[in-house]
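K.L.:
have a look at this prediction, sequence included:
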There are 2 protein chains.
Amino acid sequence: MVSRAFPTPGHDHGACAAQALAAAEKLCQARGARLTAVRRKVLSLVWQSHAPVGAYDLLARLNKGGGKIAPIAVYRALDFLMAQGLVHRLASINAYMGCAHIGHDHAAQFLICKDCGCAAELESPALRKALVKAVAGRGFTIDREIVEISGLCPHCKAS
Amino acid sequence: MVSRAFPTPGHDHGACAAQALAAAEKLCQARGARLTAVRRKVLSLVWQSHAPVGAYDLLARLNKGGGKIAPIAVYRALDFLMAQGLVHRLASINAYMGCAHIGHDHAAQFLICKDCGCAAELESPALRKALVKAVAGRGFTIDREIVEISGLCPHCKAS
DNA sequence: TCGTATATGTAACGTTATAACATTTTGAAC
DNA sequence: GTTCAAAATGTTATAACGTTACATATACGA
């Protein structure tokens, strides 16, 4: 399977998130990367839903219960998680989501539902290829690509 | 020609910008859209270079000489210009650039040089088609697409 | 010229992200 | 196990980006 599909409204998200966390744990261990308490907590919060979440939302959730963590701490955790490929940033909505294809580098594309707020990761080789081809011949060297498509997901369209 | 190429370092930018402003003027007149003084000024500032420019940069330039324009005025002007298709917003860098293909709706793609800061508009039908195709079959309805590719432009790569 | 829609002014505020520097924790070498 | 340097976190302040709410002014057709 190439894409993480949009979750059905009633899917078992607990299992979904737990699996992602376990995989992240394993990956970090293998790499000698330190998945510290803050980082693990931020990652778990990111995985609380399939809707990308803002940094200050994460901050508020971290501090729910009287914590005093500063914004910078969240951004640092997110930077680490992005460097490890565990989290993606969606530039068009200033939000972060868990990566569905950890363990290998990939230039992903994102579908963002403007109704329910959920996002799905595409990772289409054909699209990637078309992009590279479109740029080729212009003498431009690609460093990073951002492809974010907003619209209506299947579930929201149906209702 | 499908794309606005990266300008050569010494190109006649005065003529380039003047042409864009004249075309915008004409388009607004034809549509009955009011290209007021503020909007015209913002558009001309946007066209002062081929590097996308931030809203607060525009603001500073507007106020150079003692003006007191507020941020909101710039954003309102930009909103108008974007609605008319005269300006694009680059979400990945929070900046704005003049549109090179005014007068017809288009889903453009952008190449952004991380060295000189210049950006070019691609508007590749093949890429667009690949994107639509990649999304098709997933039941997702496209509303808006953002494709922003950062890297090195030909001129910067050469030097 | 009247009235309404459009545009702009004004002030305050909300949101997103980073800078700069101090302190603590970690893990490996000795 | 002590020491040391690198990595991580804490603390405070601030930069950068964008909007709300409401008042005023201008344009333009009836």
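P.N.:
Received the coordinates, thanks. Numbers count the residues shown, from 1 in each chain, chains lettered A, B, ... in the order given.

K.L.:
for the longest helix along chain A, which helices and strands make contact with it?
P.N.:
If you go by DSSP state H, chain A has its longest helix at helix A:13-31. For helix A:13-31, the packing partners by 3 or more CB pairs under 8 Å, 6 or more residues apart in numbering or on different chains; DSSP states H and E come out as helix A:37-46. In short, each C-beta sits where N, CA and C put it, glycine included.

K.L.:
buried residues in the helix it packs on?
P.N.:
For helix A:37-46, burial by neighbour count (16 or more other CB atoms under 10 Å in any protein chain shown) applies to A:39, A:40, A:41, A:42, A:43, A:44, A:45, A:46.

K.L.:
turn the residues you listed into CSV, columns for pLDDT and distance to DNA strand C.
P.N.:
Shown next, in CSV, are those (pLDDT from 0 to 100; distance: CB to the nearest atom of the strand, whole Å):
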residue, pLDDT, distance to DNA strand C
A:39, 98, 12
A:40, 98, 12
A:41, 98, 14
A:42, 98, 13
A:43, 98, 16
A:44, 98, 18
A:45, 98, 14
A:46, 98, 13
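
K.L.:
what is the nearest of those residues to DNA strand D?
P.N.:
residue A:39 (5.6 Å; CB to the nearest atom of the strand).

K.L.:
poorly predicted segments of chain A, please.
P.N.:
For chain A, residues meeting the criterion pLDDT under 70 lie at A:1-5.

K.L.:
centre-most residue in it?
P.N.:
residue A:97 (2.7 Å; CA atoms, centre = their mean).

K.L.:
indicate whether the helix or strand hosting that one makes contact with DNA strand D.
P.N.:
Assigned by DSSP states H and E, residue A:97 belongs to strand A:95-98. No: Strand A:95-98 is not in contact with DNA strand D by CB under 7 Å from any atom of the strand; minimum separation 13.6 Å.

K.L.:
is whichever helix or strand comes after that strand in proximity to DNA strand C?
P.N.:
Next helix or strand after strand A:95-98 toward the C-terminus (DSSP H and E): strand A:109-113. No: using CB under 7 Å from any atom of the strand, strand A:109-113 stays clear of DNA strand C, coming no nearer than 14.0 Å.

K.L.:
pull up the pairing partners for strand A:109-113, direction included.
P.N.:
Sheet pairing for strand A:109-113, assigned by DSSP bridges, gives strand A:119-121 (antiparallel), strand A:141-152 (parallel).

K.L.:
after the longest one, which helix or strand is next?
P.N.:
The reference is to strand A:141-152. Downstream of strand A:141-152 (by DSSP H and E), the next one is helix A:154-158.

K.L.:
check contacts around the closest residue to residue A:33 other than its chain neighbours.
P.N.:
If the residues on either side of it in the chain are set aside, residue A:33 comes closest to residue A:84, at 5.7 Å by CB to CB, 6 or more residues apart in numbering or on different chains. Going by CB atoms under 8 Å, 6 or more residues apart in numbering or on different chains, residue A:84 touches A:24, A:27, A:28, A:31, A:33, A:102.
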